[in-house]
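[1] Build me a model:
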Amino acid sequence: MNPSDIGLIGLAVMGENLVLNMESKGFSVSVYNRTTEVTEKFAAHRGAGKNILATRSIEEFVGSLAKPRKMMIMVKAGAAVDAVIDLPFALPTIVAGLVLLTLYGPKGQLGVHLAYTRAAIVLALMFVTLPFVVRAVQPVLLELDHEMEEAAASLGSGSFSTFRRIVLPNILPAILSGVALAFARAIGEIGSLVLISGNQPFKTEVSSVYIFGRIQSGDTTAATAVSVVLLSISLLVLLGIGAFRRWRTRHDR
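    Numbering: from 1, shown residues only. Below you'll find the model as predicted:
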């Protein structure tokens, strides 16, 4: 057999899908997993009939690659990744705003000036709402039956078609739940925005910061009016998402 174009170590869910994706793009791939049974199972099922070489040892794996050797190593980082995802739950949001200002401010460490722009507001809200979406979708992805994807592939379905017809319908209710939670969290966010938004009228003025400013100025009437508008918008959006989710899952009941 000719040397493989690229190699991959670690055949967990992401590793398997990455191998299949590379092979579908015309690359020959060598694979290795420290548990031989995992390698053999992948080669006999999802990798069967494809330009994928299953190797049983590191020496065989390295020797199967074309020079200069190119390989990817999929490292389990579950605990570390989970900690990063859950960080916004534990981190005071004002600290998050200060960190974002330090990184993306006029004298930011990254050399990218986003402070006091709409992009900065989006970045801050993405940071504080990410855990809600991830934690809603993650369990559904873990429980997803991969045999359905394999069956679709065996019937000639492409990667995008399989995702659109098999994966997306299964995870869509969870995505909508995560979006609803994230929206509810974002619309009342103030800590991470008060420093980085700049609060420029009609440019980067955020409703929660505006309400806080009105209360500080003693204008409780304006603060109450804006709060009622926000409450109405939140209620309509949440009801709309709930109705759409029930419509999408009407055949599951």
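
[2] Name the residues of stretch 3-16 that are buried.
    4, 5, 6, 7, 8, 9, 10, 11, 15, 16 (16 or more other C-beta atoms under 10 Å). Any C-beta I mention is one placed from the backbone N, CA and C, and that applies to glycine too.

[3] wait, stretch 146-153
    Buried residues in stretch 146-153 (16+ other C-beta under 10 Å): 149, 152, 153.

[4] pLDDT wise, what is residue 1 at?
    Reading off the confidence values, residue 1 has pLDDT 65.

[5] My error: substitute residue 251 in the last question.
    pLDDT at residue 251 comes out at 63.

[6] same thing with residue 113?
    At residue 113, the model reports a pLDDT of 83.

[7] Run a quick neighbour tally on it.
    For residue 113, the count of nearby residues is 13 (other C-beta atoms under 10 Å).

[8] That one contacts residue 104, doesn't it?
    Yes. Assessed by C-beta atoms under 8 Å, residue 113 is found in contact with residue 104 at 6.7 Å.

[9] coming back round to it: just the closest of the buried residues of stretch 3-16 to residue 118, please.
    residue 15 (37.8 Å; C-beta to C-beta).

[10] Restricted to helices, list the buried residues of stretch 3-16.
    Members of the buried residues of stretch 3-16 lying in helices (criterion: DSSP state H): 15, 16.

[11] Give me the neighbour count for the nearest residue to residue 57 once chain neighbours are set aside.
    Nearest non-adjacent residue to residue 57, counting by C-beta to C-beta, 6 or more residues apart in numbering: residue 32, 7.7 Å away. Neighbour count for residue 32, taken as other C-beta under 10 Å: 24.

[12] Could you check how far the closest residue to residue 249 other than its chain neighbours is from residue 221?
    Leaving aside its chain neighbours, residue 249 sits nearest to residue 173 (5.5 Å; criterion: C-beta to C-beta, 6+ apart). Relative to residue 221, residue 173 is positioned 41 Å away (C-beta to C-beta, to the nearest Å).
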